[in-house]
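Chemist: Next comes the sequence, and after it the predicted model I'd like to discuss.
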Amino acid sequence: MKLEKSIELYTKGKRNLVGAVNSPVRAFKSVGGVPIFIEKAKGSKIYDVDGNEYIDFVLSYGPMILGHRHRKVESAIEKQLKRGYTFGASTKGEIDLAKIVCDAFPGMDKIRFVNSGTEAVLSAIRLARAYTGKDKIIKFSGCYHGHSDSLLVAAGSGLATLSLPGSKGVPEDAVKNTLIAEFNNIDSVEKHMNMNKDIAAVIIEPIAGNMGVVQPTRDFIQDLVELTKANDILLIADEVMTGFRSKFGGAQELLGIEADITCLGKVIGGGFPVGAYGARNEIMEMVSPLGDVYQAGTLSGNPIAMASGIATLTELKKLDIYPAFNKTARFLEKHIKLAAKENGVGVQVNRFGSMINAFFTKEEVTDFKSAQTSDTNKFKEFFWRMMENGVFLPPSQFESWFLASAMTKKDILKVKKAIYIAMESVGKMK
């Protein structure tokens with residue numbers, strides 16, 4: 001695997017970009033070496049500037065669910081490009097995509113499009129505080145909800161990858177109303193509720209994806225819903241990552257719950273920057289211009305992002321690819337475990353629909369604490385051996401891998417072969 005051009009670009013990029021990247025995980029700090037620079041992508045494959053071809057399990061961290069440059073999505077984007085890029089005024093596409101999304105989520109009457117998942121979450125929290133008249137929020141250790149000040153506490157993959165407990169530049173006053181609970185531990189939630197009567201909302205990734213894939217137990221998630229209702233606290237589901245990833249709609253329906261406010265992103269933009277938050281009428285009608293909760297954005301509802309999102313979701317609904325995702329994820333889980341067993345490597349595999357990842361630990365992973373028992377040096381070895389054999393994984397032990405419908409049987413068999421080679425190399429580590 002040649003990386004000369006990536007090394008050259010990395011060196012050049014450090015002059016004017018912070019760490020030569022625009023998002024920390026791209027720097028490859030947790031896996032070592034030099035980050036690769038991508039030149040192009042098509043279908044299930046991504047190609048770096050040195051001409052290396054990889055089956056892509058990053059998929060821009062989720063949105064490329066149909067694969068790169070899907071024919072119908074690309075056609076919709078090209079049509080909109082000829083009409084204009086951005087107007088600072090409303091377009092029909094916003095109405096069309098809003099209907100598709102609201103129809104897919106029970107209990108969601110209205111939605112507001114924004115430009116990122118971070119923006120969706122910070123807006124949802126502001127709305128929850130306004131609706132309840134209370135200030136505090138509960139979040140879960142290991143769940144990442146964007147980089148707004150009040151949420152950069154015990155935040156998941158980005159901070160875990162860099163071994164940082166939080167972020168400098170965040171004043172104590174910004175996080176004084178943020179309470180930290182443990183995922184899959186309802187007692188830790190109840191304790192906060194008993195001690196604080198001014199909690200506006202609990203925010204959760206219904207399926208955690210930023211400490212690796214971690215599912216809630218049925219009792220935990222059901223008890224969480226009941227507790228929030230009993231205490232007049234809003235439940236915010238951050239489905240930026242899980243929305244449309246395991247069914248047409250969100251993880252909430254599969255879990256048998258319904259949040260008060262849902263945050264979305266990734267897939268609903270089909271690869272373009274987009275986020276959204278939505279809820280029932282009585283909550284959403286507090287948002288300006290109908291109410292007094294101010295939130296605005298010149299590029300919100302960008303027509304190109306709307307066109308891409310409409311085409312992506314229309315194709316997703318028509319194809320019904322979710323059973324195939326489950327089958328592929330089961331296949332990968334089986335062979336990761338077999339390869340690990342053959343080579344005496346302790347590994348846990350967690351998956352949910354089209355999201356999957358392997359933890360290099362013998363301990364069952366149910367929360368952030370257990371995820372952190374993973375041997376990151378073993379992941380580092382596994383990562384680079386997979387890269388050498390043509391598979392691009394997220395460069396962090398604490399990130400979900402994503403599946404795309406563009407992945408073929410041939411692709412998956414190649415991944416299987418790479419897994420056995422990589423796991424053999426891990427097994428030889430001292």
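Modeler: Great, that's in hand. Numbers count the residues shown, from 1 in each chain.
Chemist: Going along the chain, name the strands of the stretch 101-250 of the chain.
Modeler: 110-114, 136-140, 178-181, 199-204, 234-238 (DSSP state E, counting those that start in this stretch).
Chemist: Packed most tightly, which of those strands would that be?
Modeler: Ranked by mean neighbour count, the strands of the stretch 101-250 of the chain are led by strand 234-238 with a mean of 27 (mean count of other CB atoms under 10 Å). In this view, the C-beta of every residue, glycine as well, is placed from N, C-alpha and C.
Chemist: quick one: that one to strand 136-140, angle?
Modeler: 40 degrees (axes from the mean of the first three to the mean of the last three CA atoms, to 10 degrees).
Chemist: Beyond strand 234-238, next helix or strand please.
Modeler: For strand 234-238, the succeeding helix or strand toward the C-terminus, using DSSP states H and E, is helix 251-255.
Chemist: Can you tell me the strand partners of the very next helix or strand once past that next one and which way each runs?
Modeler: Counting by DSSP H and E, the element after helix 251-255 in chain order, helix or strand, is strand 261-265. Here strand 261-265 has these sheet partners by DSSP bridges: strand 234-238 (parallel), strand 275-279 (antiparallel).
Chemist: just for the stretch 1-150 of the chain, where's the confidence low?
Modeler: Applying pLDDT under 70 to the stretch 1-150 of the chain flags no residue at all.
Chemist: mind redoing it with 80?
Modeler: 149-150 (pLDDT under 80).
Chemist: what about the helices in it?
Modeler: 4-13, 71-83, 92-104, 117-132 (DSSP state H, counting those that start in this stretch).
Chemist: If Asp56 is in a bridge, with which residues?
Modeler: Bridge pairing for Asp56 - DSSP bridges - gives Phe392.
Chemist: That one against Lys45, yeah?
Modeler: Yes - contact status for Asp56 versus Lys45: in contact at 6.4 Å, counting by CB atoms under 8 Å.
Chemist: Mutual contacts of those two, please.
Modeler: Both Asp56 and Lys45 are in contact with His68, where contact means CB atoms under 8 Å, 6 or more residues apart in numbering.
Chemist: Tell me which of the two has more neighbours.
Modeler: Per other CB atoms under 10 Å, whichever of Asp56 and Lys45 has more neighbours is Asp56, with 27 against 18.
Chemist: ok, now which ones touch the more buried one?
Modeler: Ala41, Ser44, Lys45, Ile46, Met64, His68, Phe392, Ala404.
Chemist: How about Pro206?
Modeler: Listed by CB under 8 Å, 6+ apart, the contact partners of Pro206 are Pro216, Ile221, Ala237, Asp238, Glu239, Thr242, Gly250, Ala251, Gln252, Leu255, Ile257, Ala259.
Chemist: mind running it again at 6 Å?
Modeler: Ala237, Ala251, Gln252, Leu255 (CB atoms under 6 Å, 6 or more residues apart in numbering).
Chemist: what does Val121 give?
Modeler: Val121 sits next to His145, Gly146, Cys263 when contact means CB under 6 Å, 6+ apart.
Chemist: now Phe37: how far from Ile310?
Modeler: From Phe37 across to Ile310, the span is 31 Å (CB to CB, to the nearest Å).
Chemist: hmm, back to that, could the strands of the stretch 101-250 of the chain be laid out in TSV, adding distance to Ile125?
Modeler: Formatted as TSV, the strands of the stretch 101-250 of the chain follow (distance: least, CB to CB, whole Å):
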stretch	distance to Ile125
strand 110-114	13
strand 136-140	6
strand 178-181	10
strand 199-204	6
strand 234-238	7
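Chemist: ok so, going back, turn the strands paired with strand 261-265 into JSON lines, columns for distance to Thr376 and mean pLDDT.
Modeler: Shown next, in JSON lines, are those (distance: least, CB to CB, whole Å; pLDDT from 0 to 100):
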{"stretch": "strand 234-238", "distance to Thr376": "25", "mean pLDDT": "98"}
{"stretch": "strand 275-279", "distance to Thr376": "30", "mean pLDDT": "98"}
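Chemist: And those strands: which comes nearest Ser75?
Modeler: In terms of CB to CB, the element of these nearest to Ser75 is strand 275-279, at 23.4 Å.
Chemist: Quick check: what element follows the closest one along the chain?
Modeler: As assigned by DSSP H and E, the chain's next helix or strand after strand 275-279 is helix 281-284.
Chemist: CA-only coordinates of that next one, as CSV, when you get a sec.
Modeler: What follows is helix 281-284, C-alpha atoms only, in CSV (Å, rounded to 0.1, in the frame of the first residue of the first chain):
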residue,chain,number,x,y,z
ASN,A,281,-47.1,20.4,17.1
GLU,A,282,-47.3,21.8,20.7
ILE,A,283,-43.6,21.6,21.1
MET,A,284,-42.4,22.7,17.6
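Chemist: Identify each buried residue in it, please.
Modeler: Ile283, Met284 (16 or more other CB atoms under 10 Å).
Chemist: how much distance is there from it to the middle of the chain?
Modeler: 26 Å (CA atoms, centre = their mean, to the nearest Å).
Chemist: cool, stretch 360-367 as well?
Modeler: 20 Å.
Chemist: What is the end-to-end distance of it?
Modeler: End-to-end span of stretch 360-367 (CA to CA, to the nearest Å): 15 Å.
Chemist: Kindly report the same for stretch 278-288.
Modeler: 14 Å.
Chemist: Name the surrounding residues that touch that stretch.
Modeler: By CB under 6 Å, 6+ apart, the list of residues contacting stretch 278-288 from outside reads 107-112, 130-131, 260-262, 291, 293-294.
Chemist: could I get those residues as TSV with distance to Phe325?
Modeler: Below are these laid out as TSV (distance: CB to CB, whole Å):
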residue	distance to Phe325
Gly107	25
Met108	23
Asp109	29
Lys110	30
Ile111	25
Arg112	29
Ala130	38
Tyr131	35
Asp260	28
Ile261	27
Thr262	21
Gly291	39
Val293	37
Tyr294	39
